[in-house]
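Chemist: Mind folding the following:
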Amino acid sequence: MNEKVTLEELQLPQDLKKLTISQCSALCKEIRNILISTVSKTGGHLASNLGVVELTMALHRNFNSPEDKIVWDVGHQSYTHKILTGRLDRFSTLRQENGISGFPKPEESPHDTFISGHSSTSVSVACGIAEAMKLQGRDNYAVAVIGDGAMTGGMFYEAINNCGRDKRSNLIVILNDNNMSISKSVGSLSKYLTSLRNTEKYLNTKRAVERGLGKIPLVGTSVAKGIKNVKDSVKSNILEQSTMFEDMGFIYLGPVNGHSLSELEEVIHMAKSYHQPVFIHVKTVKGKGYRPAEENPGEYHGISKFDIATGNPEVATADSYSTVFGRELVKLADKDDRICAITAAMKYGTGLQFFHFKYPDRFFDVGIAEQHAVTFAGGLASMGMVPVFAVYSTFLQRSYDQLIHDVAIGKLHVVLGIDRAGIVGEDGETHQGLLDVPMLTSIPNTVIYSPSCYMEMKMCMRKAINKDKCLAAVRYPRGAEKVEFDQSDITTDWLFKQICKSETLIITYGRLYNEAFKAQKKLRKDDINCDILKLTKIHPLDSELGSKIIMYKRVIFFEESIGEGSISEKIGDILSELGYCGDYSRVTADGFVKQASVRSCLEKLGLTSEKMIAYIKERCKDDAEAGQ
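Modeler: As a prediction, the model looks like this:
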């Protein structure tokens with residue numbers, strides 16, 4: 001094979017094993033260029049993927065995927081894995097409609113072992129896979145690649161506590177330690193990993209001695225085995241510490257340079273030889289190879305389109321619900337020193353950087369630990385504080401039991417700022433915020449607001465923080481407000497928008513109100529009159545609503561949520577109890593929604609103004625034909 005090779009020339013991943021270290025290093029540079037070029041056009045997770053290029057290369061040179069199973073945690077660091085497993089020609093479609101996913105997806109490739117859009121799950125998954133392979137008589141490996149940020153999640157510790165017990169397992173856990181999660185790693189774990197990094201000198205010496213002994217004929221191997229038998233006591237004397245992972249039953253190897261293919265391959269080869277649980281500590285640089293991402297890895301964790309030369313994002317984030325929420329929370333905290341802000345490693349994503357700057361003593365980043373965040377908030381609330389937990393809708397799902405058991409039952413006043421509620425777009429099924437409404441409406445002592453614009457969101461925040469003395473949620477979408485309606489009559493309750501006598505009522509809430517407003521205007525030009533009921537407090541529903549709704553011949557609910565357990569379903573139940581005999585229909589999501597732009601997703605769901613118009617016209621036509 002020629003000294004100089006390109007990715008396009010190779011059958012991937014199998015040809016990687018035929019290459020020299022030098023050739024692979026050149027391919028790593030090519031991969032970085034592809035990552036930067038592609039993500040600059042599609043948006044996505046850049047910094048984390050730039051940091052694991054060599055690690056991914058080493059994995060595919062030393063394991064046999066898909067027979068050996070590689071589980072990525074979080075899956076947004078799997079871009080190089082996708083390039084090296086037969087998706088190079090489609091990589092330009094990353095996160096695009098009908099393109100390849102930004103996360104591992106088994107239906108996309110047999111090399112994608114498990115869906116992993118949320119963090120801290122990989123060790124549990126890999127442990128289950130390793131046990132299954134053992135039961136099936138297979139001698140393959142299960143490899144979990146986990147970021148240091150994901151180690152702040154409690155599920156990781158539950159997993160290693162169980163996995164380390166089985167001394168006959170081909171389980172390898174690789175820690176990608178870049179000293180970052182999304183926001184900077186926090187807490188005692190970060191300090192512990194820092195102390196482990198200081199053992200590198202010992203491990204470099206150990207590897208050099210083992211290599212030297214291996215070259216001595218006849219006696220070298222025996223001496224090496226003898227040294228291995230006393231390794232633990234020698235290591236204890238030198239390091240004066242035993243790693244947490246060894247205490248839990250793992251062989252601990254590292255730290256090693258995550259950008260050195262030779263070191264990576266050496267440690268992986270060693271790990272494979274044990275045939276018992278092994279923990280490999282790999283040090284990487286987040287954003288490696290692209291200076292703007294290296295200098296600001298948090299900003300380049302998940303990014304919109306950007307200019308490669310300057311590194312500047314194409315779309316400014318200052319005008320967004322997240323930013324408005326964060327700034328308004330600071331204003332409220334100026335007047336109330338009980339207000340605290342909580343994030344689960346998403347300070348910048350949720351707009352809480354402003355609160356952190358102004359009130360650092362009242363700001364808490366708990367790491368990627370949503371369950372802890374909710375119960376921690378409950379503890380604060382029990383002492384008279386007013387905790388506000390800002391979290392993406394998709395990640396709030398992880399704390400369902402805590403919301404019930406540790407907040408709602410005790411009638412504690414905890415406020416949720418539910419960011420990215422509804423369709424989020426290109427991140428696909430794992431990140432769409434379509435389940436928070438059915439989840440929260442099932443919990444007693446809960447109030448939910450879904451504002452339609454910035455001004456209304458601020459009103460809802462004030463009410464949730466100052467008035468409601470229970471679990472109160474304010475949910476809002478990704479991106480900026482898009483408003484054409486008159487904001488003079490916005491409210492935290494509900495509003496009828498009547499233009500004239502009408503037989504048709506549209507019900508909706510949140511950003512869909514603007515779509516319904518546009519539909520109402522256009523339908524009127526076609527002599528189809530509709531009234532609109534805009535909900536802002538969507539749960540619990542006002543007892544008077546039923547008597548208003550049953551006056552209409554035709555009621556249509558457009559809702560950006562899964563249909564089961566939705567507000568539209570609850571309205572249907574109310575109408576049924578009232579003996580409503582008219583035409584009630586609802587347009588909601590049905591199942592998981594795949595990646596595409598937000599607009600495309602909404603259009604497919606029938607939730608844009610154009611689709612609303614078409615649907616209403618069809619319902620009116622059906623009624624007219626039925627009456628003939």
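
Chemist: What ranges does the stretch 251-400 of the chain have for its helices?
Modeler: 261-274, 291-295, 321-335, 353-358, 370-382, 393-396, 400-403 (DSSP state H, counting those that start in this stretch).

Chemist: Which residue is the nearest non-sequential neighbour of Val324?
Modeler: Tyr454 (4.9 Å; CB to CB, 6 or more residues apart in numbering). Glycine gets a C-beta too; all of them are placed from N, C-alpha and C.

Chemist: and if you look at Val52?
Modeler: Distance criterion CB to CB, 6+ apart; nearest residue to Val52, sequence neighbours excluded, is Gln77 at 5.3 Å.

Chemist: For that neighbour, grab the count of nearby residues.
Modeler: When neighbours are defined as other CB atoms under 10 Å, Gln77 has 29 of them.

Chemist: Point out the most buried one among the helices of the stretch 251-400 of the chain.
Modeler: Comparing the helices of the stretch 251-400 of the chain by mean neighbour count (mean count of other CB atoms under 10 Å), helix 393-396 comes out on top with a mean of 25.

Chemist: and that helix, what does it pack onto?
Modeler: strand 415-419, helix 436-441 (3 or more CB pairs under 8 Å, 6 or more residues apart in numbering; DSSP states H and E).

Chemist: what sits up against the following helix or strand past the last one?
Modeler: It stands for helix 436-441. For helix 436-441, the following helix or strand on the C-terminal side (DSSP states H and E) is strand 446-449. For strand 446-449, contacts defined as CB atoms under 8 Å, 6 or more residues apart in numbering pick out 403, 408, 437, 440-441, 460, 463-464, 468, 470-475, 492, 536-540.

Chemist: same deal with stretch 532-545?
Modeler: By CB under 8 Å, 6+ apart, the list of residues contacting stretch 532-545 from outside reads 437, 440-441, 446-452, 456, 460, 490-498, 505-509, 513, 516-517, 520, 548-549, 567, 570-571, 574.

Chemist: Just the ones of these in helices?
Modeler: Mapping those onto helices (DSSP state H) picks out 437, 440-441, 456, 460, 513, 516-517, 520, 548-549, 567, 570-571, 574.

Chemist: most neighbours, which of those?
Modeler: Counting by other CB under 10 Å, top hit in the ones in helices among the contacts of stretch 532-545: Val437 with 32 neighbours.

Chemist: Wait, it touches Ser568, no?
Modeler: No - the criterion here is CB atoms under 8 Å, and Val437 misses it with Ser568 at 9.7 Å.

Chemist: And the helices in the stretch 501-628 of the chain, which stretches?
Modeler: Secondary structure of the stretch 501-628 of the chain, counting by DSSP H, counting those that start in this stretch: helices at 512-525, 545-549, 567-577, 598-605, 609-627.

Chemist: Please read the previous query as pertaining to the stretch 1-150 of the chain.
Modeler: Going by DSSP H, counting those that start in this stretch, the stretch 1-150 of the chain shows helices at 21-42, 47-50, 53-62, 79-82, 122-135.

Chemist: Just name the most buried of these.
Modeler: Sorting those by mean neighbours (by mean count of other CB under 10 Å), the first place falls to helix 47-50, with a mean of 28.

Chemist: Output it as CSV, nothing but the C-alphas.
Modeler: Extracted C-alpha coordinates of helix 47-50, given in CSV (Å, rounded to 0.1, in the frame of the first residue of the first chain):
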residue,chain,number,x,y,z
ALA,A,47,-14.9,20.5,20.1
SER,A,48,-15.6,17.0,21.6
ASN,A,49,-15.2,15.3,18.2
LEU,A,50,-11.9,17.1,17.4
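
Chemist: looking at this structure, which helix or strand is least sure?
Modeler: Lowest by mean pLDDT, DSSP states H and E among the helices and strands of the chain is helix 231-239, with a mean of 46.

Chemist: residues making contact with the helix or strand that that one is followed by?
Modeler: Downstream of helix 231-239, the first helix or strand assigned by DSSP H and E is helix 244-247. Residues from elsewhere that reach helix 244-247 (CB under 8 Å, 6+ apart): Ile160, Gly164, Tyr192, Tyr252, Phe279.

Chemist: Got the confidence number for the last one?
Modeler: Spelled out, it's Phe279. You'll see Phe279 listed with a pLDDT of 94.

Chemist: Kindly reformat the helices of the stretch 1-150 of the chain as TSV containing distance to Glu544 and mean pLDDT.
Modeler: What follows is these, written out as TSV (distance: least, CB to CB, whole Å; pLDDT from 0 to 100):
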stretch	distance to Glu544	mean pLDDT
helix 21-42	48	94
helix 47-50	50	90
helix 53-62	59	97
helix 79-82	52	96
helix 122-135	48	94
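
Chemist: Touching both of Val437 and Ser568, which residues are there?
Modeler: Here Val437 and Ser568 have Ser561 as joint contacts, going by CB under 8 Å, 6+ apart.

Chemist: Show me the chain divided up by domain.
Modeler: Per the record, the chain has its domains at 7-295, 321-475, 493-627, by automatic domain parsing.

Chemist: Report the rounded mean pLDDT for the second one.
Modeler: Throughout domain 321-475, pLDDT has a mean value of 96.

Chemist: Pull the contacting residues for Glu560.
Modeler: 421-423, 434, 477, 510-512, 588-589, 602, 605, 607.

Chemist: Endpoints of stretch 3-20, how far apart?
Modeler: Stretch 3-20 stretches 8 Å from its first residue to its last (CA to CA, to the nearest Å).

Chemist: what's the average pLDDT for that stretch?
Modeler: pLDDT averaged over stretch 3-20 gives 93.

Chemist: How about stretch 518-538?
Modeler: Per-residue pLDDT over stretch 518-538 has a mean of 95.

Chemist: now the longest strand belonging to the chain: how far from the chain's centre is it?
Modeler: Looking across the chain with DSSP state E, the single longest strand is strand 554-562. Put simply, strand 554-562 sits 27 Å off its chain's centre (CA atoms, centre = their mean, to the nearest Å).

Chemist: try stretch 341-359
Modeler: Taking CA atoms, centre = their mean, one finds stretch 341-359 lying 17 Å from the centre of the chain it belongs to.

Chemist: try stretch 524-534
Modeler: Relative to the centre of its chain, stretch 524-534 is centred 39 Å away, using CA atoms, centre = their mean.

Chemist: ok, and for it, which residues are buried?
Modeler: Of the residues in stretch 524-534, Ile528, Cys530, Asp531, Ile532, Leu533, Lys534 count as buried by neighbour count, 16 or more other CB atoms under 10 Å.
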